[in-house]
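>>> give me a model of this one.
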Amino acid sequence: MNPASRTEAVITALPQNVVNQIAAGEVIERPASVVKELVENAIDAGATRIRIDLEEGGIRLVRVIDDGCGMPPADLELVFAAHATSKLFTPEDLDHIASLGFRGEAMASIGSVARCRVVSRPPGDSNLAYAVEDLGGAIGEVVESGAALGTTIEVRDLFYNTPARRRFLKRVSTELSRCLDVIQRLALAHEGIGFVATHDGRRLYDVDREMDLLGRVRRTFGAELAESLVPVEYVENEDGTGLRLTGFVAPPRFSRRDTSRLMWFLNGRFLRDKLLHRVLKEGYRGFLEHTRQPVAFLCLSMDPALVDVNVHPTKSEVRFREGRRLFGTLVKVLRAAVANTDIATPGAQLVDRVLKRENPDQAWLPVSPTRQFGGNITTPEPTAYPWDGEGGAGSIQENPNQEEQSPFAQAFAKAASDPEQASVTPLEQSGNWAASDELRGPYLQVDKTYLVRVIPSGFEVIDQHALHERLTYELLLLDMRAGKMQTQGLLVPEILEFSRSEVKLIGQHVESIRSLGVDLAVFGPTTIAVHGIPARMRRPGVRAIGGIEGIVEDLVHAIEETGKPPTAEDVVEEVLHRMACRSSVMAGDTLSQDEIHSLLSRARELGCDQTCPHSRPTRVRFTVDDLERAFHRK
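Modelled structure (predicted):
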């Protein structure tokens with residue numbers, strides 16, 4: 001048909017019910033979306049107690065009961081009308097939205113794809129409540145009813161009139177899990193409100209109104225996580241105005257593959273905002289491997305005029321008016337909090353893994369004859385072997401000609417011979433082997449790789465390479481930022497072979513590379529002459545992996561991979577990471593007691609002794625309780 005000859009209208013205004021169903025496609029994706037919208041309405045109504053009843057994962061029924069302000073008949077007449085809201089009145093109100101809901105789309109959208117009923121009783125002299133129904137877009141009359149103060153909303157048979165949408169719903173267990181996730185996030189975001197959630201008549205989740213955020217985290221995710229959290233608190237102005245950040249961050253060992261426990265709440269609204277996610281990732285940078293997601297519960301409060309929440313259909317993303325300033329402030333606060341967490345891997349995790357692999361009957365443990373057969377069985381005398389000596393079977397005789405005892409043996413021998421030590425615990429025994437955290441020795445080096453030392457609550461095992469790598473990296477980074485990177489000249493330049501393209505790339509950045517402490521020059525079409533290396537690097541030509549050639553290869557790789565000059569921050573950090581790795585103490589290096597003490601002390605002074613530059617932990621910590629569990633004393 002020729003458009004020029006067409007006279008009849010093709011564009012037509014859609015029926016309101018169709019408009020609402022289209023809107024429902026954006027706002028109402030599944031039962032969890034219904035739960036979110038209804039509970040947020042209850043919170044906006046000033047509720048202090050909210051009950052959520054679900055059936056068949058919310059597909060058959062979502063019922064939300066609150067004790068909020070309720071609605072009079074005049075409001076109920078508009079409750080299912082499109083774009084009818086009590087939150088906004090003028091265009092200027094969009095500039096400072098403080099409520100969770102404001103568009104007036106949710107109830108109309110839900111009513112168009114489900115069978116809904118609202119019963120509400122506002123406070124007042126009348127004991128009457130009022131009800132209205134919306135059955136798939138057919139809105140009924142407001143009628144009198146009976147109910148307690150507050151509002152009850154029932155949503156039944158979601159998507160009953162849109163079979164295509166209903167077919168895309170998942171299993172009941174999956175939909176229930178999504179609903180419960182929404183409820184938990186809203187409960188964490190709103191202290192002072194009690195929540196109860198049931199499914200098919202069985203209580204699934206509840207938090208008391210009096211619980212604070214930490215108590216709600218404990219109720220939701222368990223005591224182990226709650227007891228390991230470190231508080232975060234920042235107030236921009238002394239009078240309490242302006243930006244405010246509160247909440248908790250978890251040690252890196254609680255990290256996950258997903259972001260299910262990375263929670264940001266802005267003025268009570270749960271967000272999945274890209275900027276805030278980057279803030280938290282940056283706060284954990286250097287403490288957490290980049291493939292893992294941190295665990296945190298953070299509440300951000302700020303002037304609603306400084307944030308635009310009207311940028312996403314589900315209001316899960318926002319736009320900050322001063323995003324750059326906000327980013328820098330929050331990262332600084334969060335990095336300080338993460339640094340205060342206990343980053344060491346707890347021995348309890350390793351003990352639990354072992355215990356889970358064991359048989360319930362602990363058949364691998366030695367069993368005494370009495371336990372094995374019952375009754376009174378006489379244990380035979382141990383057989384004496386020629387190598388036992390006079391001390392009987394299995395005894396170890398002191399050899400006067402043996403080498404001098406190790407510091408550990410001396411410490412334990414002293415503890416055993418001192419009568420005043422008889423009544424104290426093993427951790428309190430011995431002067432050198434004392435239960436203190438003052439980095440005093442003696443230290444034990446296992447397999448020339450791991451360092452063992454006593455701490456007040458037990459002992460810890462330290463990866464000597466990981467710890468020294470972190471120390472070297474931090475010192476190199478300090479020198480770099482202060483412009484004091486010292487170069488150690490080589491008596492004889494090191495001549496290295498590279499491809500023509502690599503030599504050309506190096507030639508373009510000779511001066512920038514020199515700022516990293518590496519003094520080199522192009523010596524030919526395929527050769528580079530290295531005249532000096534960073535002074536802090538430890539004999540790279542002899543002991544470090546790859547030697548001097550490896551250092552230059554790392555530079556070339558970092559520049560090629562990022563496409564940025566060596567002075568770019570991410571390139572600098574990557575190059576210094578590799579320099580530190582190559583020049584640090586390696587597995588297999590023997591360390592003296594003084595060297596170990598110096599390593600531990602210097603790392604502690606810099607405040608960087610918890611993770612290596614690659615974000616792996618430098619230590620595993622075992623408490624006395626862990627040992628008792630491992631030996632089945634508990």
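>>> any low-confidence regions in the stretch 451-600 of the chain?
Applying pLDDT under 70 to the stretch 451-600 of the chain flags residues 538-546.
>>> hey, where'd the helices end up in it?
464-482, 500-508, 510-514, 547-562, 569-583, 593-605 (DSSP state H, counting those that start in this stretch).
>>> now do the stretch 251-400 of the chain
Using DSSP H, counting those that start in this stretch, helices in the stretch 251-400 of the chain cover 274-283, 323-339, 347-357, 369-373.
>>> ok so, going back, and the helices of the stretch 451-600 of the chain as TSV, adding mean neighbour count?
For every residue, glycine as well, the C-beta is placed using N, CA and C. Output for the helices of the stretch 451-600 of the chain, formatted as TSV (neighbours: other C-beta atoms under 10 Å):
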stretch	mean neighbour count
helix 464-482	21
helix 500-508	15
helix 510-514	16
helix 547-562	18
helix 569-583	21
helix 593-605	16
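>>> possible to save those helices as CSV with distance to residue 200?
Shown next, in CSV, are the helices of the stretch 451-600 of the chain (distance: least, C-beta to C-beta, whole Å):
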stretch, distance to residue 200
helix 464-482, 50
helix 500-508, 65
helix 510-514, 66
helix 547-562, 54
helix 569-583, 52
helix 593-605, 55
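>>> nearest to residue 285, out of the ones you listed?
Smallest distance to residue 285 across the helices of the stretch 451-600 of the chain (C-beta to C-beta): 9.0 Å, for helix 569-583.
>>> that closest one relative to helix 547-562, how many degrees between them?
160 degrees (axes from the mean of the first three to the mean of the last three C-alpha atoms, to 10 degrees).
>>> got the angle for helix 569-583 vs helix 464-482?
140 degrees.
>>> not counting its neighbours along the chain, what's nearest residue 147?
residue 129 (3.7 Å; C-beta to C-beta, 6 or more residues apart in numbering).
>>> got the phi and psi for the one you found?
The phi/psi pair for residue 129 (degrees, to the nearest 10) reads phi -110, psi 170.
>>> what's it in contact with, if anything?
For residue 129, the contacting residues are 70, 119, 120, 121, 144, 145, 146, 147, by C-beta atoms under 8 Å, 6 or more residues apart in numbering.
>>> where is pLDDT lowest across the residues you listed?
On pLDDT alone, residue 146 ranks lowest of the contacts of residue 129, at 85.
>>> that one - how many residues pack around it?
10 (other C-beta atoms under 10 Å).
>>> pLDDT below threshold where in the stretch 201-350 of the chain?
240-241, 310-316, 348-350.
>>> with the stretch 51-200 of the chain instead?
86-104, 125.
>>> ok, now with 90
Applying pLDDT under 90 to the stretch 51-200 of the chain flags residues 69, 75, 78-109, 112, 123-128, 136-139, 146-147, 161-168.
>>> residue ranges of the helices in it, please?
73-76, 106-112, 163-167, 172-189.
>>> figure out how far the second one is from the centre of its chain.
Centre-to-centre, helix 106-112 and its host chain are 36 Å apart (C-alpha atoms, centre = their mean, to the nearest Å).
>>> go on, the last one?
Put simply, helix 172-189 sits 19 Å off its chain's centre (C-alpha atoms, centre = their mean).
>>> got the end-to-end distance for stretch 119-136?
Stretch 119-136 has its terminal residues 17 Å apart, counting by C-alpha to C-alpha, to the nearest Å.
>>> in that stretch, which residues are buried?
Using 16 or more other C-beta atoms under 10 Å as the test for burial, stretch 119-136 gives 119, 120, 121, 122, 129, 130, 131, 132, 133, 134, 135, 136.
>>> pipe the residues you listed into TSV and attach distance to residue 339 per row.
Shown next, in TSV, are these (distance: C-beta to C-beta, whole Å):
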residue	distance to residue 339
119	52
120	50
121	52
122	51
129	55
130	56
131	56
132	55
133	56
134	53
135	57
136	56
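>>> tell me the two of those residues that are most distant?
Farthest pair in those, by C-beta to C-beta: 122 and 136, 27.3 Å.
>>> roughly how far does residue 306 sit from residue 250?
Distance, residue 306 to residue 250, by C-beta to C-beta, to the nearest Å: 28 Å.
>>> between the two, who's got more neighbours?
When residue 306 is set against residue 250 and neighbours are counted by other C-beta under 10 Å, the residue ahead is residue 250, at 25 against 15.
>>> show me what contacts that one?
Per C-beta under 8 Å, 6+ apart, neighbours of residue 250: 225, 228, 229, 230, 261, 294, 295, 296, 341.
>>> what comes up buried for the lengthiest strand in the chain?
As assigned by DSSP state E, the longest strand anywhere in the chain is strand 487-497. Of the residues in strand 487-497, 493, 494, 496 count as buried by neighbour count, 16+ other C-beta under 10 Å.
>>> got JSON lines for those residues, with distance to residue 469 too?
As requested, the buried residues of strand 487-497 are exported to JSON lines (distance: C-beta to C-beta, whole Å):
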{"residue": "493", "distance to residue 469": "27"}
{"residue": "494", "distance to residue 469": "23"}
{"residue": "496", "distance to residue 469": "24"}
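>>> quick one: which of the residues you listed is nearest residue 601?
For the buried residues of strand 487-497, the nearest to residue 601 is residue 494 (33.6 Å; C-beta to C-beta).
>>> ok, the residue lying closest to residue 212 once chain neighbours are set aside to residue 514 distance?
Distance criterion C-beta to C-beta, 6+ apart; nearest residue to residue 212, sequence neighbours excluded, is residue 191 at 5.8 Å. Look at residue 191 and residue 514: by C-beta to C-beta, they are 55 Å apart.
>>> and the contacts of stretch 587-607?
339, 407, 439-443, 445, 447-449, 451, 453, 462, 464-465, 467-468, 470-471, 474-475, 585, 609.
>>> what's the local residue count around residue 618?
Neighbours of residue 618 using other C-beta under 10 Å come to 26.
>>> and what of residue 460?
Residue 460, neighbours per other C-beta under 10 Å, totals 21.
>>> find the nearest non-adjacent residue to it, please.
For residue 460, the closest residue by C-beta to C-beta, 6+ apart turns out to be residue 621, at 4.4 Å.
>>> show me what contacts the one you found?
342, 344, 345, 346, 347, 455, 457, 458, 459, 460.
>>> what about it, which helix or strand?
strand 619-623 (DSSP states H and E).
>>> quick one: strands adjacent to that strand?
strand 345-346 (parallel), strand 458-463 (antiparallel) (DSSP bridges).
>>> tell me how far the longest one is from the chain's mean position?
Using C-alpha atoms, centre = their mean, the distance from the centre of strand 458-463 to the centre of the chain it belongs to is 24 Å.
>>> what does it contact?
Against strand 458-463 from outside (C-beta under 8 Å, 6+ apart): 344, 347, 427, 446, 449-453, 600, 612, 618-624, 626-627.
>>> surely residue 571 meets residue 557?
No: the criterion here is C-beta atoms under 8 Å, and residue 571 misses it with residue 557 at 10.2 Å.
>>> care to break the protein down by domain?
Residue ranges for the domains of the chain, per automatic domain parsing: 16-207, 213-339, 487-535+539-583.
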